[in-house]
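Chemist: okay, here's the prediction I keep looking at, along with the sequence it came from:
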Amino acid sequence: MILILSVILLAYANGANDNFKAVATIYGSSTLSYRQSLLVATIAQLLGSVTSVVLAGALLHAFGGKGLVLAEVVANPLFLIAVSAGAAATVLLASKFGFPVSTTHAIIGSLTGAGLALASTEFVWSGLGPKFIAPLLLTPLMATVAAALLYPPLSRIRKKMGVGSSTCLCVGTQIEPVGVMADGVLVTKESGVRLSVAEAAQCRTQYSGAIAGVTAQQLADWLHILSASSLGFARGMNDTPKVMALLVAAAWSGFQPRIALSFVAAAMALGGVLHSAQIARTMGKRITIMNSGQGLLGNLVASCLVIGASLLGSPVSTTHVSTGAIFGIGLWTRSANRRVVIQILLAWLITLPVGAAIAYSIAMTG
């Protein structure tokens, strides 16, 4: 029962820190409100969770601990409790302070800590490198580079299609095109009235023109929402097996697989619904200013990497990939908040050792 509760807590923590990351760009670009974005994220995650059992089975085995410690240690309930509780505590702590960290990192750290506590002499250090560490290091770099390289040519294609863009300020229900002066003051293009706003994020880039009879802005918004749904689906498909792997290693703890899946998916959704506000602000508003087209590109890059990794059974972090893609766009638009990115990188660095330390302590005292 303790094992089951600790796994459910891990699923809850995962949802609290990870669910909103998939829709951070549609919230950050003001395409949808916070509540609307959260609804999209929750539905997409649930669909991805259900699909994961069929398409991402390799991850179930990767995160059960086999290959790092002996099978007898994996079968020890104390090992599994230490892993799940250690990872859950690490992710919940990060969520409280608004740091978007990797549940994957936390689980790997906890696997290492619990393994060293219960089987220090038999722990297989070589199993960490190609199986876990390499994908986690490479994918955020791949996302950053891909987004940065794709943005300029796609921007040129947009302009050749006759789709322009202008900075706008929403005043009530009206969208007023504005010009940005050298001193940062905004001037409405139609009336010439000078405006002053508290934050640049209140201004939104609107696309002009039409494609196939649909306004460019509407098309960008719908594609952006679709891409966020795709990323949320990919996140659910990649993360659910990592949590369920602990129940698989324990022979499902008496649960049927479908029942276990239901508990894990529901706990992830609940965590996201109740604890996404801080993560939403960090991911959506603080890393960089973006519009619908830029957010669409970031989501497409991230979802392709995460879905591809899930099908290959490679453990990647949606957090790392999403942040990398958003940062890649921010580099080109020169609006990336480097201080926030550095804070996130530091949080990533300490996730693994914190997870390892907590899991080690639980295993030693258990």
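Modeler: Looks like it arrived, so ask away. Numbering: from 1, shown residues only.
Chemist: could you use CA atoms for every contact and neighbour count after this?
Modeler: Will do.
Chemist: now do the contacts for Thr103.
Modeler: Contacts for Thr103 (C-alpha atoms under 8 Å, 6 or more residues apart in numbering) come out as 14, 18, 87, 91, 317.
Chemist: in PyMOL, select just the buried ones from those residues.
Modeler: Filtering the contacts of Thr103 down to the buried ones (16 or more other C-alpha atoms under 10 Å) takes a single PyMOL command:
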select buried, resi 14+18+87+91+317
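Chemist: out of the contacts of Thr103, which one sits closest to Gly271?
Modeler: The closest of the contacts of Thr103 to Gly271 turns out to be Asn14 (C-alpha to C-alpha; 7.2 Å).
Chemist: and that closest one, how far from Val83?
Modeler: Distance from Asn14 to Val83, counting by C-alpha to C-alpha, to the nearest Å: 14 Å.
Chemist: what number of residues lie near Ile342?
Modeler: Residues lying near Ile342 (other C-alpha atoms under 10 Å) number 11.
Chemist: repeat for Gln343
Modeler: Counted with other C-alpha under 10 Å, residues neighbouring Gln343 total 12.
Chemist: which secondary structure element contains it?
Modeler: helix 338-365 (DSSP states H and E).
Chemist: okay, buried residues for that helix please.
Modeler: Residues of helix 338-365 classed as buried under the neighbour-count rule (16+ other C-alpha under 10 Å) are 340-341, 344-345, 347-348, 350-360, 362-364.
Chemist: same question for stretch 1-13.
Modeler: Using 16+ other C-alpha under 10 Å as the test for burial, stretch 1-13 gives 3-4, 6-13.
Chemist: and the one helix or strand Arg156 maps to, how far from the chain's centre?
Modeler: Per DSSP H and E: Arg156 is located in helix 134-160. Chain-centre distance of helix 134-160: 17 Å, with C-alpha atoms, centre = their mean, to the nearest Å.
Chemist: how about stretch 321-332?
Modeler: With C-alpha atoms, centre = their mean, you get 12 Å for stretch 321-332.
Chemist: show me the domain layout of the chain.
Modeler: As assigned by automatic domain parsing, the chain contains the domains 2-157+219-365, 164-208.
Chemist: can I get these in JSON lines with mean pLDDT?
Modeler: As requested, the domains of the chain are exported to JSON lines (pLDDT from 0 to 100):
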{"stretch": "domain 2-157+219-365", "mean pLDDT": "80"}
{"stretch": "domain 164-208", "mean pLDDT": "57"}
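Chemist: how about the contacts made by Ala24?
Modeler: By C-alpha under 8 Å, 6+ apart, Ala24 lies in contact with 37, 280, 283-284.
Chemist: try 7 Å
Modeler: Applying C-alpha atoms under 7 Å, 6 or more residues apart in numbering to Ala24 gives the contacts 280, 283-284.
Chemist: out of the residues you listed, who's nearest Arg156?
Modeler: The shortest approach to Arg156 among these belongs to Gly284, at 25.2 Å (C-alpha to C-alpha).
Chemist: residues contacting the closest one?
Modeler: For Gly284, the contacting residues are 24-25, 27-28, by C-alpha under 7 Å, 6+ apart.
Chemist: same question for Ala267.
Modeler: 8, 11-12.
Chemist: ok, so what distance separates it from Leu5?
Modeler: Remark: distance between Ala267 and Leu5 (C-alpha to C-alpha) = 11 Å.
Chemist: residue boundaries of the helices in this protein?
Modeler: 2-18, 24-28, 34-55, 57-62, 71-74, 77-96, 103-119, 134-160, 216-249, 257-274, 277-281, 292-312, 318-333, 338-365 (DSSP state H).
Chemist: on that earlier part again, let me have the buried residues of stretch 1-13 in CSV, extended by distance to Thr112.
Modeler: Below are those laid out as CSV (distance: C-alpha to C-alpha, whole Å):
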residue, distance to Thr112
Leu3, 18
Ile4, 20
Ser6, 17
Val7, 17
Ile8, 20
Leu9, 19
Leu10, 17
Ala11, 19
Tyr12, 22
Ala13, 19
